[in-house]
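Enquirer: coordinates only, sequence not included:
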């Protein structure tokens, strides 16, 4: 912070009126009358803006050239009680320094802009009231997650972003290579010759940190990762991005019941923290983005987390099939419409769906005694559907090897993963929480592009 300058947040909340202060920020609005001009100044430190009042007789007319929406200013004056109803304090400006002028071409004029338009100017949209609110919430959500795991004895670990494995098995990976794409070396068989590639084998950007987190959990007990993941999913929907952040805790000696308890505690904690620290942002987004936003916090904080098996869910859904666009039977994956029916109609609150068919889940989920299902749980939330997925991991060497063989996975690629089951295997569990999905739920934003500062999505790198 420049010496002698305080934030807008402090100017509005710290100390009393009658004191002289200096603030810097960007002009949200500017209007001028016959004797007085007004500017709304925001520096991103809080949702509220500081109104600055200029008595025109104290300034030269040229002082206001370039002072319009989007301009950056440094103001010095006296904080006084506001004459308006929208704020308690205002700044009676005595000195004005125009740090960065603006003009009428500035894209964010005083009118409502669509999110679609704002995505075309990601370098500027963060100055809008909506996106400063969202990205302050993003910060508080991140710190709440770290606080939650730190206070429960977890170690924060840093898995690699470049890996040789496709954890999810879906093949939606970004490959990393230094081979010249204009003349890729080939073997006589026609396959790519990786001998001259940087890693001398296939390498990918990680789709999940789970597999690397497991060895750390089997040494440190409780660990969590919080970092970017990359998926080359060609889906161009409001829920999909090519680069996003995941929180993936792994815990030794946890079974599925322990795992679900931690999931519930986690989402309740972070929802409580945001409700406490972001009440102004939540109120604003409730008015402008999602009228039912308060009910989402109510669901996370004050409603029971119900439980139902996948088979039980199929029975419930079967009786309501006429209301769905896509009918489902046992063995089918649930769509968003089915997930929302379960938590909004059947249970009226968050619900864990457990014991999915083994065919729907990755090879590392623990196979149940029935041989058909696995020990896993998805947490479904009203209005959005799935927000967390977790499972007890398969710790039995023979069963794990069999699941891998059935999925056509080369055991040599995962030799180290199998060795964890040979030497000192232990029951362990974990889950994955999509950071942006959680932020969408708690901010009311309906598109993942609007909770990422610079979204990377299919066909777009704006």
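Expert: Perfect, I can see it now. In this text the structure is predicted, and so the values were computed from the model without any measurement.
Enquirer: mind listing the helices for the chain?
Expert: Secondary structure of the chain (DSSP state H): helices at 8-13, 115-118, 122-125, 129-150, 210-220, 256-277, 279-288, 293-302, 310-318, 336-340, 397-406, 415-422, 435-443.
Enquirer: contacting residues around the first one?
Expert: Just to be clear, that refers to helix 8-13. Helix 8-13 is contacted from outside by 21, 23, 25, 41-43, 45-46, 48-50, 79, 87-89, 91, using C-beta atoms under 8 Å, 6 or more residues apart in numbering. No exception for glycine: its C-beta is placed from N, CA and C like everyone else's.
Enquirer: repeat for the third one
Expert: Applying C-beta under 8 Å, 6+ apart, the external contacts of helix 122-125 come out as 107, 108, 118, 119, 131, 453, 454, 455, 462.
Enquirer: distance from the chain centre to stretch 417-435, please.
Expert: Remark: stretch 417-435 is offset 24 Å from the chain centroid, using C-alpha atoms, centre = their mean, to the nearest Å.
Enquirer: same question but for stretch 227-246, I mixed them up
Expert: Here stretch 227-246 is found 11 Å from its chain centre; the criterion is C-alpha atoms, centre = their mean.
Enquirer: hmm, who's touching that stretch?
Expert: With C-beta under 8 Å, 6+ apart, stretch 227-246 has contacts from 158-159, 161, 172-174, 205-209, 225-226, 432-437, 446-449, 452, 455-459.
Enquirer: buried stuff in stretch 302-315?
Expert: Of all the residues in stretch 302-315, those buried under the rule 16 or more other C-beta atoms under 10 Å are 303, 305, 306, 308, 310, 311, 313, 314.
Enquirer: same check, this time on stretch 60-80
Expert: Buried, per 16+ other C-beta under 10 Å, within stretch 60-80: 63-64, 66-77, 79.
Enquirer: between these, which is closest to residue 345?
Expert: residue 69 (45.5 Å; C-beta to C-beta).
Enquirer: show me what contacts residue 413?
Expert: With C-beta under 8 Å, 6+ apart, residue 413 has these contacts: 164, 165.
Enquirer: so how far is residue 233 from it?
Expert: Going from residue 413 to residue 233 by C-beta to C-beta, to the nearest Å gives 22 Å.
Enquirer: what's the answer for residue 460, then?
Expert: 13 Å.
Enquirer: who's more crowded, these two?
Expert: A direct count of neighbours by other C-beta atoms under 10 Å for residue 460 and residue 233 places residue 233 higher, at 17 against 12.
Enquirer: count of residues packed around the closest residue to residue 450 other than its chain neighbours?
Expert: Among residues not flanking residue 450 along the chain, residue 115 sits closest, at 5.4 Å (C-beta to C-beta, 6 or more residues apart in numbering). Number of residues near residue 115 (other C-beta under 10 Å) recorded here: 16.
Enquirer: now do residue 181
Expert: 6.
Enquirer: same question, residue 110
Expert: Applying the criterion other C-beta under 10 Å, we find 11 residues in the vicinity of residue 110.
Enquirer: also residue 288?
Expert: 13.
Enquirer: for the residue nearest to it when sequence neighbours are not counted, give me its contacts.
Expert: Nearest non-adjacent residue to residue 288, counting by C-beta to C-beta, 6+ apart: residue 130, 6.5 Å away. Under the criterion of C-beta under 8 Å, 6+ apart, the neighbours of residue 130 are 115, 118, 284, 285, 288, 289.
Enquirer: format those residues as TSV; extra columns: distance to residue 277.
Expert: Converted to TSV, the contacts of residue 130 look like this (distance: C-beta to C-beta, whole Å):
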residue	distance to residue 277
115	24
118	24
284	14
285	14
288	19
289	18
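Enquirer: farthest-separated two in the residues you listed?
Expert: 118 and 284 (15.7 Å).
Enquirer: that older thread, for ChimeraX, write the selection for the buried entries among the contacts of stretch 227-246.
Expert: Those of the contacts of stretch 227-246 that count as buried under 16+ other C-beta under 10 Å are selected in ChimeraX with:
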select :159,172,173,205,206,207,208,209,225,226,432,433,434,435,436,437,446,447,448,449,452,455,457
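Enquirer: just the contacts of stretch 227-246: which are in strands?
Expert: 205, 225, 226, 432, 433, 434 (DSSP state E).
Enquirer: to residue 391, which of the helices of the chain lies closest?
Expert: Nearest to residue 391, of those and by C-beta to C-beta, is helix 256-277 at 7.0 Å.
Enquirer: now the angle from the closest one to helix 435-443?
Expert: On the basis of axes from the mean of the first three to the mean of the last three C-alpha atoms, to 10 degrees, helix 256-277 is oriented at 50 degrees to helix 435-443.
Enquirer: which neighbouring elements make contact with helix 256-277?
Expert: helix 129-150, strand 243-252, helix 293-302, strand 351-354, strand 376-381, strand 385-392, strand 428-434, helix 435-443 (3 or more C-beta pairs under 8 Å, 6 or more residues apart in numbering; DSSP states H and E).
Enquirer: quick one: end-to-end length of stretch 38-58, please.
Expert: One end of stretch 38-58 sits 14 Å from the other (C-alpha to C-alpha, to the nearest Å).
Enquirer: show me what counts as buried in it.
Expert: 38-54.
Enquirer: nearest to residue 184, of the buried residues of stretch 60-80?
Expert: Among the buried residues of stretch 60-80, residue 70 lies closest to residue 184 (C-beta to C-beta), at 47.7 Å.
Enquirer: need the contact list for the closest one.
Expert: So residue 70 contacts 26, 27, 102, 103, 106, 108, 127 (C-beta under 8 Å, 6+ apart).
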